[in-house]
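Participant: Generate coordinates for the sequence data below:
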Amino acid sequence: MLANRLLSLIAGVAMLQGAASAARADAPAPYDPWPSLQQEIFKGRAMQDGNGVLAIEMPGRAEDAAIVPVTLRLKLPPGDARKVSAITLVIDQNPSPLAARFELGRDAGVSEISTRVRVNSYTDVHAIAELSDGQLYMVKTFVKASGGCSVPAAKDAVEARNNLGQIRFRQFAKAGDGHSSGAREAQIMIGHPNNSGLQMDQLTRAYTPAFFVNEMQVWLDDAPVLSMEGGISISENPNFQFSYVPTGGKQFRIEAKDTEGHVFQGEWKAETSGM
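Facilitator: Next comes the predicted model:
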């Protein structure tokens, strides 16, 4: 009797598994926004595998979806005469997927850029490098996160306004290959709420309008080093770190703008010694 019941149970489970497999086979594939994004952002331009050109580093599972670290590292092999002129960061499933576009100064030697982003749901994240010959190279990674674009601001509105546009700038010696390449690192921190437009005021229950830093430019003397066009995916209090090769310039100049037309500026003496 028991053996017959077990056989019946096994047969029943097998039938259920078969039905579930059939249901999964009939279910539509999850929507992949990337083909449409590629057409919209890059006009359908051809892209090559970028693993030999660019690396993207993000945690597989975010600890805090509102401040997910991302590092973009250039990997052009020695002897390649081309240069990376721009890098575009796309968070596919975010409400506004185009997170940022970075343009690199031709002679700045920028080889690494780090920032913090909001990730709204489980998603592919694409990084696309555009080279001086016009070719596009793409890499991607997958991040598990949820709700990063709607997390309320860490600071209240009054405090955020008091810190609005305050720029802090740090320079330091680059770890690792910095000694051999001559590269250094710099960090830019901008006081700004960078509201996404999806955050709800806990008192009024109304959504806080989008209000964010959408442009930033960095010069060393009059030579461009790095520029950024950003959207709502850049985290509160934008933070950018990048490596560069000193060219003998004497002074850094930074200018940032936000969506309400505010302009924030600062100048710092260029440091050359290790720290």
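
Participant: pLDDT below threshold where in the stretch 51-200 of the chain?
Facilitator: By pLDDT under 70, the low-scoring segments of the stretch 51-200 of the chain are 155-160, 176-181.

Participant: Let's see that with 50 instead.
Facilitator: Nowhere does the stretch 51-200 of the chain drop to pLDDT under 50.

Participant: just the strands in it please.
Facilitator: 54-57, 68-74, 84-91, 98-104, 112-117, 123-131, 136-143, 167-173, 184-190 (DSSP state E, counting those that start in this stretch).

Participant: These: which one's closest to Asp222?
Facilitator: Asp222 lies closest to strand 98-104 among the strands of the stretch 51-200 of the chain, at 15.9 Å (CB to CB). C-beta here means a position set from N, CA and C on the backbone, and glycine is covered the same way.

Participant: How about the contacts made by the residue nearest to Gln166 when sequence neighbours are not counted?
Facilitator: In space, not counting the residues next to it along the chain, Gln166 is nearest to Gly191; the distance is 3.9 Å by CB to CB, 6 or more residues apart in numbering. Shown in contact with Gly191 (CB atoms under 8 Å, 6 or more residues apart in numbering): Ala160, Asn163, Leu164, Gly165, Gln166, Ile167, Asn237.

Participant: again, 7 Å this time
Facilitator: By CB atoms under 7 Å, 6 or more residues apart in numbering, the contact set of Gly191 is Asn163, Leu164, Gly165, Gln166, Asn237.

Participant: Please produce a ChimeraX select command covering the buried subset of those residues.
Facilitator: Of the contacts of Gly191, the buried ones can be selected in ChimeraX as follows, counting by 16 or more other CB atoms under 10 Å:
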select :164,165,237
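
Participant: Can you tell me which of the contacts of Gly191 is nearest Trp268?
Facilitator: Gln166 (13.7 Å).

Participant: Quickly note the distance from that closest one to His262.
Facilitator: Noted for Gln166: a distance of 12 Å to His262, by CB to CB, to the nearest Å.

Participant: want to throw the contacts of Gly191 into CSV with distance to Ala100?
Facilitator: Putting these into CSV (distance: CB to CB, whole Å) gives the following:
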residue, distance to Ala100
Asn163, 21
Leu164, 20
Gly165, 19
Gln166, 21
Asn237, 15
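
Participant: Neighbours of Pro33, how many?
Facilitator: Burial of Pro33 is recorded as 15 neighbouring residues (other CB atoms under 10 Å).

Participant: Make CSV from the strands of the stretch 51-200 of the chain and add distance to Lys269 and mean neighbour count to it.
Facilitator: Output for those, formatted as CSV (distance: least, CB to CB, whole Å; neighbours: other CB atoms under 10 Å):
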stretch, distance to Lys269, mean neighbour count
strand 54-57, 31, 17
strand 68-74, 27, 19
strand 84-91, 28, 22
strand 98-104, 23, 21
strand 112-117, 23, 22
strand 123-131, 31, 22
strand 136-143, 36, 18
strand 167-173, 9, 15
strand 184-190, 12, 20
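
Participant: Relative to Asn214, which of these is closest?
Facilitator: Closest among the strands of the stretch 51-200 of the chain, using CB to CB: strand 98-104, at 9.7 Å.

Participant: Mind listing the strands the closest one pairs with, and their directions?
Facilitator: Neighbouring strands of strand 98-104 in its sheet, by DSSP bridges, are strand 84-91 (antiparallel), strand 223-230 (antiparallel).
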